[in-house]
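1. sharing a sequence plus its predicted fold:
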There are 2 protein chains.
Amino acid sequence: MIESTGLDKRKAYILATVVYEYIATAEPVGSQALTQKYNLGISSATVRNEMAELEASGYLIQPHTSAGRIPSDAGYRTYVDRLMQPEELDVDERRRIRDELYDATRELDEIIDHTTRLLGRLSNNLAFVTKPQQETPTFKHIQLIWLSPQTGVAIVVTSLGVAAQSLFELGGEARPDDLTRFSNALNARLANRSLAEVVEIEIARAAQEAGVSDDLRNAVVAAAQSARSGEQPTIAAAGAQNLLDQPEFQDLRKLRSILRIVEEQKTLYQIVADAMTAETVSVKIGHELGSEELADFSIVTVPYHFGSHALGMLSILGPRRMPYARLLALAAGTAETLSQRLSDVDYFPNS
Amino acid sequence: MIESTGLDKRKAYILATVVYEYIATAEPVGSQALTQKYNLGISSATVRNEMAELEASGYLIQPHTSAGRIPSDAGYRTYVDRLMQPEELDVDERRRIRDELYDATRELDEIIDHTTRLLGRLSNNLAFVTKPQQETPTFKHIQLIWLSPQTGVAIVVTSLGVAAQSLFELGGEARPDDLTRFSNALNARLANRSLAEVVEIEIARAAQEAGVSDDLRNAVVAAAQSARSGEQPTIAAAGAQNLLDQPEFQDLRKLRSILRIVEEQKTLYQIVADAMTAETVSVKIGHELGSEELADFSIVTVPYHFGSHALGMLSILGPRRMPYARLLALAAGTAETLSQRLSDVDYFPNS
DNA sequence: TGCTAGCAGTCTAGGCGCGGGAGTGCTATT
DNA sequence: AATAGCACTCCCGCGCCTAGACTGCTAGCA
């Protein structure tokens, strides 16, 4: 572990301390401040040398020449994955969450809203929760259209309306007839099947039946996947005002981005979607969110379940400089309690 | 009209121009700027004199000695009620709203959400819409409890749970028996009646039957009203990020208040609740919102209907310096279209 | 060889003072 | 009554400057 990151024990400890201190103060951390506040047993000069190397390895950043250091994305990542002391919710807090969720409300939507607000309040950040879709969308129709000898387009219509189109290369040897035949085979197999089911196998069988090229099959698979990503459950959000307190967001443009993205929901969902299949809580830090606008933020996400079925996700969005250990524990604990809460009443008689 | 406000024609025109200009620029309006930009046919010195009088009458405010004037709440109020040129939505815009609302979505909740976003986008402000409650709450039980020879308490239980209690004076001559008798009479008349119905008459009849004092009757009416105000439908909001663009909200504390209040919903609902019974669009300006935190904002509200029944309200929240004429037209137009849209599908088979 | 003390250099945040500019109220004049 | 002119007031933005924090580097020490 130590070798794999190029960090000896002392460097690791210094990195951890810098991250910890920066999370607490939001100020670049200098070598003196560090040795004074934490008795490291080494002098500030030594820390300076170590810091310079940590910066060279990409874990720390110096905002300007005569300033302290702040963690880079890689620094945070290392901190979260290897260095930080994991936290647990204490019993009191766990009970408070439980009590709130087991409040009078019965309706699923209300429980989700309630959970979102609770999470926003406890995390002091922006919380958002994807609502489970009651009705799982199904295939209605798929149509392959011949555009030119080289290209075609696949259009997938789901029970939610037109959902996806995907342009593809024909590979040269296909004729309009092939497409029609393939379309028919696909429709026979897929009509009214749930999008959530694994349809790749069916597509492969239909492709074999119709005797079409691999390119064509792959194009249809892509269109199906894209249609699936169109299933975007609505998202409840709460706690945006908490972000206003963070010193790094006095810059209004960043806030604007956040509010817009949260309201739009689509981007937000795409960012966290892959956490749905995760076993446990996952974290995306800064640029890992895949958007320059969100580069100063991090998101903690954890799925919640009904039985063994993942229903949705619970996320906390905050400054990159968020208290990771605490928020990971909070998100995990809340998701667990929510899952329990949901399993106590049979909301999903059909599943 | 002129006498009632202490404004002659010229003062009225100057006031209107100041408000108009301030809405456009967000800068205090000086006498020179005014005469240069609008050819008033009088000199800046004359305008200065008029402005001084308008300030003395409370329509204008001078932020500091050597600055121009900005409108006071009273100034805005006069502008909105009497001076401004009302606007209409142009045909194009009206059609765009219509097209958006008649989009594929079917579900009531989605239509409301969609409308909210649309309104946020078109208004460039924060829009919020109260969602109709599908189930109208009904009386379950009312209980009058004798506390002392002078006081009692009324507890109203609705189908939504315990909703209201109201302490009252007995007026001296009532005994526990009277309260029990009145309770019984009330329960017989009110059980399972909708809270939305006019229940005052029923209460009066029950009071007569039981032969109790006016004080007692009024206490019960108060409790019933308070129970009714407890019906707080959820609120959809959109466009918070638009407020960030307004120069007067660079101060983050104000934004924080807004976001908190919008998220809380309760306060927001209470503020606009009385607009529900209005015939048309209504405006609350600055301190009229009844909260120091909201003193820099104004809210435009208009109810939307299903048939003749008011279902909810559509509001725009923005800086006090909002383009009133435009937003009034926008809110009214959107509400009208929404009402039509709802009446085209039978969402409320029971009403 | 690794650590430390000291030092010179660098950069930022924030306090201070100044002057331009916009606007006012007042007074004298038409 | 309306206006022109004038002296005065106040804010805002600019540049200047200093205090403070931190760095990298060098030389000395276990």
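-> Perfect, thanks for sending it. Bear in mind the structure is a predicted one, so any value in this text is a computation, not a measurement.
2. contacts only, for the closest residue to residue A:332 other than its chain neighbours.
-> Distance criterion C-beta to C-beta, 6 or more residues apart in numbering or on different chains; nearest residue to residue A:332, sequence neighbours excluded, is residue A:281 at 4.8 Å. Every C-beta, even on glycine, is put in place using the N, C-alpha and C of the backbone. By C-beta atoms under 8 Å, 6 or more residues apart in numbering or on different chains, residue A:281 lies in contact with A:300-302, A:328, A:331-332, A:335.
3. do that again at 7 Å, thanks
-> Residue A:281 makes contacts with A:300, A:302, A:328, A:331-332, as judged by C-beta atoms under 7 Å, 6 or more residues apart in numbering or on different chains.
4. in CSV: these, plus neighbour count, secondary structure and distance to residue A:193.
-> As requested, the contacts of residue A:281 are arranged in CSV below (neighbours: other C-beta atoms under 10 Å in any protein chain shown; DSSP: H, G, I helix; E, B strand; the rest coil; distance: C-beta to C-beta, whole Å):
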residue, neighbour count, secondary structure, distance to residue A:193
A:300, 29, strand, 34
A:302, 26, strand, 30
A:328, 22, helix, 37
A:331, 27, helix, 34
A:332, 19, helix, 34
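5. dump those to a markdown table, plus pLDDT.
-> Below are the contacts of residue A:281 laid out as a markdown table (pLDDT from 0 to 100):
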| residue | pLDDT |
| --- | --- |
| A:300 | 98 |
| A:302 | 98 |
| A:328 | 98 |
| A:331 | 98 |
| A:332 | 98 |
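6. circling back to that earlier point, pLDDT score assigned to the residue nearest to residue A:332?
-> Per-residue confidence (pLDDT) for residue A:281: 96.
7. over to the one 10 residues further on?
-> Reading off the confidence values, residue A:291 has pLDDT 91.
8. what of the one 4 residues further on?
-> What the model reports as pLDDT for residue A:295 is 93.
9. residue contacts, it?
-> Residues counted as contacts of residue A:295 (C-beta under 7 Å, 6+ apart) are A:286-287.
10. look up how far DNA strand C lies from it.
-> 19 Å (C-beta to the nearest atom of the strand, to the nearest Å).
11. what of residue A:217?
-> Relative to DNA strand C, residue A:217 is positioned 57 Å away (C-beta to the nearest atom of the strand).
12. and what of residue A:88?
-> Taken as C-beta to the nearest atom of the strand, the span from residue A:88 to DNA strand C is 35 Å.
13. got it, and residue A:151?
-> Residue A:151 sits 53 Å away from DNA strand C, taking C-beta to the nearest atom of the strand as the criterion.
14. again, but for residue A:36
-> As judged by C-beta to the nearest atom of the strand, residue A:36 and DNA strand C stand 12 Å apart.
15. that residue: neighbour count?
-> Burial measure for residue A:36: 11 neighbouring residues, criterion other C-beta atoms under 10 Å in any protein chain shown.
16. can you classify it as helix, strand or coil?
-> Here residue A:36 is helix, with the state taken from DSSP: H, G, I helix; E, B strand; the rest coil.
17. for it, give its distance to residue A:17.
-> Between residue A:36 and residue A:17 the computed distance is 12 Å (C-beta to C-beta, to the nearest Å).
18. what of residue A:279?
-> 30 Å.
19. settle it for me: which of these two has more neighbours?
-> residue A:17 (18 against 7).
20. residues of stretch A:277-294 that come out buried?
-> Neighbour-count burial for stretch A:277-294, counted by 16 or more other C-beta atoms under 10 Å in any protein chain shown, picks out A:281-286, A:288-289, A:294.
21. err, stretch A:255-271, not the other one
-> Across stretch A:255-271, burial judged by 16+ other C-beta under 10 Å covers A:255-263, A:265, A:267-269, A:271.
22. and that stretch, how far out from the chain middle?
-> 12 Å (C-alpha atoms, centre = their mean, to the nearest Å).
23. measure that stretch end to end?
-> 18 Å (C-alpha to C-alpha, to the nearest Å).
24. so which residues make contact with it?
-> A:126, A:128, A:130, A:232, A:234-235, A:237, A:240, A:243, A:249, A:289-290, A:293, A:299, B:238, B:240-241, B:244.
25. of all residues in the stretch 51-200 of chain A, which one is closest to DNA strand C?
-> Taking C-beta to the nearest atom of the strand, DNA strand C has its nearest neighbour within the stretch 51-200 of chain A at residue A:66, 2.8 Å off.
26. that residue: what secondary structure?
-> With three-state DSSP as the criterion, residue A:66 reads coil.
27. what about it, distance to residue A:34?
-> According to C-beta to C-beta, residue A:66 and residue A:34 sit 16 Å apart.
28. of these two, who's got more company?
-> residue A:34 (21 against 7).
29. tell me the pLDDT at the more buried one?
-> With respect to pLDDT, residue A:34 scores 92.
30. host element of the residue nearest the centre of chain A?
-> Nearest to the geometric centre of chain A sits residue A:272, at 2.2 Å (C-alpha atoms, centre = their mean). Per DSSP states H and E, residue A:272 falls inside helix A:266-272.
31. about what we covered before: residues near the closest residue in space to the residue nearest to the centre of chain A that isn't next to it in sequence, how many?
-> In this structure, residue A:272 finds its nearest non-sequential neighbour in residue A:301, 4.7 Å apart by C-beta to C-beta, 6+ apart. The number of residues packed around residue A:301, counting by other C-beta under 10 Å, is 24.
32. quick check: phi and psi at residue A:301.
-> Torsion angles at residue A:301 (phi, psi; degrees, to the nearest 10) stand at phi -130, psi 140.
33. what do you get for residue A:130?
-> phi -80, psi 130.
34. and residue A:28, by the same measure?
-> Dihedral angles (degrees, to the nearest 10) for residue A:28: phi -50, psi 140.
35. how near is residue A:335 to chain B?
-> Counting by C-beta to the nearest C-beta, to the nearest Å, the separation of residue A:335 from chain B is 21 Å.
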